[in-house]
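**Student:** Pasted the sequence and its predicted model underneath.
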Amino acid sequence: MKRIISVFLIIATLLSLSACSQGEKRYEKSFIDLFDTASTLIAYDVSQESFDEHFAQLHEKLEEYNRLFDIYHDYDGINNIKTLNDTAGTEPVEVDERIIDLLLYGKEVYRLSGGNTNICFGAVLEIWHDYREKGINDPDSAELPEYENLLEASGHTDIDDLVINEEDGTVYFADGYLKLDVGAIAKGYACREVCKWAKENLWQSFALSLGGNVYTAGLKEDGERWNISVENPDTSSQEALCTVRVSGLSVVTSGDYQRYYTVEGRNYCHIINTETLMPSEYFSGITVICEDSALADALSTTLFNMPYDDGRELVEGLDGVEALWCDKEYKQYYSSGFEEFIN
């Protein structure tokens, strides 16, 4: 799955320990055991014991999605995305309704993105994943995949070959060589669903950074919005690219500076362009702000794969969506309303 640790939660200097609601205090916990990434939760609760209990419930919910959306591991008694990749090319596979919903959303994203974000692109992404892992583990032997192999794999990425039967709750691949990779939407989708549940059942005010997919609810103890720092793609800089202030919104960043490998002195990132079949080269970082963390996650990848003019036209045509583009020279470009969020 896409592992992008490109946005970090930072909290402004606390003026006091008084909480958003009477008797509540700020608590924080980090964890690294889900979605192959580092995550942080900050929430206001009545006690450490209550926070720990609520966190355990949140973690359990996230773990369910982590197992369902996993493309690399099997779990007893669960048909997950890996199960589909292993068997759906031969027969329909019954899956949890949350997988059905995710895949239906993936089809919506495909149409919205003009094919720039394709959950059926797994055959190509698997090749790049294997070469990247080999190159990271043994830099001296790092190499690029053969283009002919990528081109052949791209012939098995037709999203219409993903057959979803909502009534039966089954998934079937009309192309036996098709493979799913939901990394562009899975964390954002899980973040949206679990945080919606948490807002209804656990906390009024909290912020979750699920590997850089940030969801915010309510306000801080001083009545101000949450401060979210966007990491600078220029790794030589000690300063954040910017800090945005949000409440009830998600902030998601995709970049070329966290997951990559090096071949003959050149870095190749993990975000693969669906047209060129090569790592995208338009930008160093994309940040999206909108209410829906699933949409923000999908758009961050989509915009990374599009020229600026095309991406800006897409964003400006969507209600409640703002974006920041950072190019290879680290110059920033904003959608019409993004700068209103900058602290």
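**Tutor:** It's in.

**Student:** Residue 320 and residue 291, how far apart?
**Tutor:** Distance, residue 320 to residue 291, by CB to CB, to the nearest Å: 6 Å. Any C-beta I mention is one placed from the backbone N, CA and C, and that applies to glycine too.

**Student:** which one of the two has more residues nearby?
**Tutor:** When residue 320 and residue 291 are compared on other CB atoms under 10 Å, the one with more neighbours turns out to be residue 291, at 15 against 11.

**Student:** Quick one: residues contacting that one.
**Tutor:** Residues in contact with residue 291 (CB atoms under 8 Å, 6 or more residues apart in numbering) are 248, 249, 250, 320.

**Student:** Specify which member of these is nearest to residue 295.
**Tutor:** residue 250 (8.2 Å; CB to CB).

**Student:** Could you pull up the residues touching the closest one?
**Tutor:** 188, 191-192, 213-216, 289-293, 296.

**Student:** quick one: which of the contacts of residue 291 is nearest to residue 38?
**Tutor:** Distance to residue 38 across the contacts of residue 291 (CB to CB) is lowest for residue 250, with 17.6 Å.

**Student:** Setting the sequence-adjacent residues aside, check what's closest to the closest one.
**Tutor:** Ranked by CB to CB, 6 or more residues apart in numbering and with sequence neighbours excluded, the top spatial neighbour of residue 250 is residue 293, at 3.6 Å.

**Student:** And stretch 244-254, end to end?
**Tutor:** 16 Å (CA to CA, to the nearest Å).

**Student:** Which residues belonging to it are considered buried?
**Tutor:** 244, 245, 246, 249, 250, 251, 252, 253, 254 (16 or more other CB atoms under 10 Å).

**Student:** where's the fifth one relative to residue 299, distance?
**Tutor:** In this structure, residue 250 lies at 10 Å from residue 299, with CB to CB as the measure.

**Student:** and for those two, which residues touch both?
**Tutor:** Joint contacts of residue 250 and residue 299 (CB under 8 Å, 6+ apart) are residue 290.

**Student:** Residue 127 falls within a helix, correct?
**Tutor:** Yes. Assignment of residue 127 by DSSP: H, G, I helix; E, B strand; the rest coil places it within a helix.

**Student:** That one: neighbour count?
**Tutor:** 19.

**Student:** How about the contacts made by it?
**Tutor:** 145, 149, 150, 153.

**Student:** Using neighbour counts, trim those residues to the buried set.
**Tutor:** Among the contacts of residue 127, those classed as buried by 16+ other CB under 10 Å are 145, 150, 153.

**Student:** and which of these is nearest to residue 112?
**Tutor:** For the buried ones among the contacts of residue 127, the residue nearest residue 112 by CB to CB is residue 153; the value is 23.8 Å.

**Student:** Would it be right to say that the closest one lies in a strand?
**Tutor:** No. Counting by three-state DSSP, one finds residue 153 to be helix, located in no strand.

**Student:** Report the separation between the spatially closest residue to it that is not a sequence neighbour and residue 273.
**Tutor:** Spatial nearest neighbour of residue 153, excluding adjacent residues (CB to CB, 6+ apart): residue 123 at 3.9 Å. Per CB to CB, residue 123 is found 15 Å from residue 273.
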